[in-house]
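J.: give me the fold of what follows.
(2 chains)
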There are 2 protein chains.
Amino acid sequence: MNNKTSNETPEIITAAILVIGDEILSGRTKDANVNYMACHFTKIGIRLMEVRVVGDEEVAIIEALNTLRKKFDYVFTTGGIGPTHDDITAPTVAKALDVRLNIDDRAIDMMKLKYSDHELNDVRLRMARIPEGAQLIENTVSFAPGFMIENIIVLAGVPAIMQVMLDAVTPKLRVGKKIYSTTLIHPHPESTVATDLEELQEIYKDVSVGSYPFFKDGSLGTQLVLRSVNIDSLNTAKESLSQRLSEKL
Amino acid sequence: MNNKTSNETPEIITAAILVIGDEILSGRTKDANVNYMACHFTKIGIRLMEVRVVGDEEVAIIEALNTLRKKFDYVFTTGGIGPTHDDITAPTVAKALDVRLNIDDRAIDMMKLKYSDHELNDVRLRMARIPEGAQLIENTVSFAPGFMIENIIVLAGVPAIMQVMLDAVTPKLRVGKKIYSTTLIHPHPESTVATDLEELQEIYKDVSVGSYPFFKDGSLGTQLVLRSVNIDSLNTAKESLSQRLSEKL
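T.: Residues are numbered from 1 along each chain as shown, chains lettered A, B, ... in the order given. You can find the predicted model right below:
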């Protein structure tokens, strides 16, 4: 899965997202970050392999972090870096990596863009707690930074802040070949094209053929998605599939 | 975590969701099921403890299933039960549990409500493949059923179909005490209330105090969510917090 550099195969860089927050699990909040990040990764050439959502609980976070950071090239976390008692991401990342957690002078300098010296009280300084050895990730919205340590990238949960942090960290990431994709719509259920798709997948081994049913106005239709790092294979497969679909209309 | 029946503590029933689908990871599709299911679980008295999203890949699905089914009372899967080559949930669940996968006569009977005998071709019969020993879950939208085997509940990925299946399976689930919750809005950043929340959490140990920043019209505010199975504690904690917040306006 972690197919790093080689001459024969395209370099694939993989990632997981770890969403941290009770509010997602209780249903109170709808996650708004995963789809944004998934699209961003596809665009820049990182393959998102897994997403996990866990609550604000140290044991669950450490277990997920330690599994995902060994399995994939990057782990991106969202949530839990504010100043309140339920914001435990920074100390938990430090604990998972067995490094110290410091009040970081560089983080304080960033926060001084927003806060006066006397506003930087103990509570706000919780947002300057950064695991030793981390690079900071700039936050141009509310100034308390995210950070990157080893292959773990810690971002805010508030979407507007997560997005500026993701932009800030992107130039620092290794990326693989971009995946091209194309979608065809078929106004009939999946079962009408299943055999064709199986044959197509056999012929075009470097194209992944996905079939996604949708339900609209009382009837089922199918979205067909072809994906490949090889644009020529993709185009040939698309032409072949279009031909087959047109015969079924 | 799996705190089953006891006289002293309220019975907690836990669950995880396993979302199966490449299309979520590539960003092509926005998951529309997790939040719906999370709200449903909270309403009926099941605690959602974890969510995972994996691709249409046998190894990843089996690994996630085997971890989650041992850790929680229930695992709900969504996606991958259609008729195409990338729909591998049913055979993969059978493999994870080491049981046979059969073309199930009960499933065929359900599908006959929609399809004539000659329409029930090999491709459509893929949707009647059910692990041996499973109970079927009725699908009043498109008739191919979901199923429940041991503590694994297999639902469709199309939201309209997932929702009728979830309703159909709900009466069969064990549930725990319901969690009551209440939300207060504070129009200032979290840092202005962090100390109060910490104190409140110390005093009301059976109330979970959550703090969620939001960003609106250029400034940060805070949603404060109190949750408890004990409605009296919840109301007392809410009153105390309201009092503290009003002093800060």
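J.: C-alpha only now, for contacts and for neighbours.
T.: Noted.
J.: longest helix in chain A, please.
T.: Assignment by DSSP state H gives helix A:231-246 as the longest helix of chain A.
J.: is any part of it close to chain B?
T.: No: if you take Cα under 8 Å from any Cα of the partner chain as the test, helix A:231-246 misses chain B, and the best it gets is 14.7 Å.
J.: can you check stretch A:143-157 too?
T.: No: judged by Cα under 8 Å from any Cα, stretch A:143-157 stays clear of chain B, getting no closer than 8.6 Å.
J.: any chance you could list what contacts that stretch?
T.: A:33, A:69, A:73-82, A:90, A:107, A:110-111, A:113-114, A:127-128, A:130-131, A:133-139, A:162, A:165-166 (Cα atoms under 8 Å, 6 or more residues apart in numbering or on different chains).
J.: report the buried residues of the longest helix of chain A.
T.: Under the neighbour-count criterion of 16 or more other Cα atoms under 10 Å in any protein chain shown, helix A:231-246 has A:233-235, A:237-238, A:241, A:245 buried.
J.: care to break chain A down by domain?
T.: What automatic domain parsing lists as the domains of chain A is A:14-172, A:180-246.
J.: what about the strands in chain A?
T.: A:14-20, A:47-54, A:74-78, A:101-103, A:129-131, A:135-137, A:146-149, A:152-155, A:180-186, A:208-216, A:219-228 (DSSP state E).
J.: the second one versus strand A:14-20: what angle between them?
T.: Spelled out, it's strand A:47-54. Orientation of strand A:47-54 against strand A:14-20 (axes from the mean of the first three to the mean of the last three Cα atoms, to 10 degrees) gives an angle of 20 degrees.
J.: let me see the residues that make contact with strand A:47-54.
T.: Strand A:47-54 has contacts (Cα under 8 Å, 6+ apart) with A:12-22, A:24-25, A:34, A:38, A:41-42, A:60-61, A:64, A:72, B:25-26, B:49-55.
J.: are any of these buried, and which?
T.: Buried members of the contacts of strand A:47-54, counted by 16+ other Cα under 10 Å: A:12-22, A:24-25, A:34, A:38, A:41-42, A:61, A:64, A:72, B:25-26, B:49-55.
J.: coming back round to it: so which elements touch the longest helix of chain A?
T.: When contacts are defined as 3 or more Cα pairs under 8 Å, 6 or more residues apart in numbering or on different chains; DSSP states H and E, helix A:231-246 packs onto strand A:180-186, helix A:194-203, strand A:219-228.
J.: from the domains of chain A, which stretch is densest packed?
T.: Greatest average neighbour count among the domains of chain A goes to domain A:14-172 (a mean of 20), per mean count of other Cα atoms under 10 Å in any protein chain shown.
J.: how close does A:Val19 sit to B:Asp73?
T.: For A:Val19, the distance to B:Asp73 equals 22 Å [Cα to Cα, to the nearest Å].
J.: and A:Ala60, by the same measure?
T.: As judged by Cα to Cα, A:Ala60 and B:Asp73 stand 16 Å apart.
J.: cool, and A:Asp87?
T.: Remark: distance between A:Asp87 and B:Asp73 (Cα to Cα) = 27 Å.
J.: got it, and A:Lys95?
T.: Note on A:Lys95: its distance to B:Asp73, by Cα to Cα, is 29 Å.
J.: now do the same for A:Lys4: its pLDDT.
T.: Looking at A:Lys4, its pLDDT stands at 44.
J.: over to A:Glu8?
T.: For A:Glu8, the pLDDT comes out at 44.
J.: do A:Gly218 as well
T.: 80.
J.: mind checking how far it is from A:Asn235?
T.: Noted for A:Gly218: a distance of 32 Å to A:Asn235, by Cα to Cα.
J.: now for the domains of chain A, which one comes closest to B:Ser228?
T.: Judged by Cα to Cα, the one of the domains of chain A that comes nearest to B:Ser228 is domain A:14-172, at 11.9 Å.
J.: and the closest one, how far out from the chain's middle?
T.: Remark: domain A:14-172 is offset 12 Å from the chain centroid, using Cα atoms, centre = their mean, to the nearest Å.
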